[in-house]
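Q: Generate a structure from the sequence data that follows.
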Amino acid sequence: MSRPEGIEPGDLVVARNRKWNAKPHWVVPGRYLGEDQYGWWIFQGSNEFISRPGAALYTASDAVLLIPRSGSYVATFFDERHPDGTELYVDLAVDPGWNLIRPHVFEFHLIDMDLDVIRRRAHGAFVDDEDEFAEHQVAMGYPAEVITGIRSECDRILAAVTARQGPFDGTDTKWFENGRA
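A: Just a heads-up that it's a prediction; the model follows:
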């Protein structure tokens, strides 16, 4: 994936997730911060309104979203104010892409593939939503190659998160500082 043409620090980026069956999932606004060797970073501040069908809330903590240059995931890093101690939430995903909505307003979209790698202060790193992934394989007809690819990517991400390899090694700290500046 390449950088969206014309994007500048401070531009609005609306992250829009869908499920395999095209039904909407989370919609989260943020501000573009910049890029590094890992990908593109978006600041998602506290007290922002986020929603999905059946749920809406104001965020309790700051977050930075990493849209990676490669890989089948997006990673959201949370600050110490996250209510349940979540530090990192990695959504396994496919079909990422950017749309220019109008000058200085972009949409980043993907298909959420259910599996998540989460790191919490009290529990360490673990994989979540295995049951949802298994259920949706049948209900939504995931192709075998997608299932295999997502499982492989999940294993790779879990190992990297557990070992605190980049970008899961504290790289997000500078992006939090930039977002709060």
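
Q: what's the distance between the residue lying closest to R120 once chain neighbours are set aside and S61?
A: Nearest non-adjacent residue to R120, counting by CB to CB, 6 or more residues apart in numbering: G85, 4.7 Å away. Any C-beta I mention is one placed from the backbone N, CA and C, and that applies to glycine too. As judged by CB to CB, to the nearest Å, G85 and S61 stand 10 Å apart.

Q: which residue lies farthest from the center of this protein?
A: V138 (24.3 Å; CA atoms, centre = their mean).

Q: So that residue: helix, strand or coil?
A: At V138 the chain is in helix, as set by DSSP: H, G, I helix; E, B strand; the rest coil.

Q: Please renumber the chain so that the first residue is 14 from this point on.
A: Fine by me, first position is 14 from now on; the one you just mentioned is V151.

Q: Surely T175 is in a helix?
A: Yes - assessed by three-state DSSP, T175 belongs to a helix.

Q: Ramachandran angles for the residue nearest to R133?
A: Here is the backbone geometry of G98 (degrees, to the nearest 10): phi 80, psi 10.

Q: Hmm, R132 and it touching each other?
A: No - if you go by CB atoms under 8 Å, G98 and R132 don't touch, sitting 9.5 Å apart.
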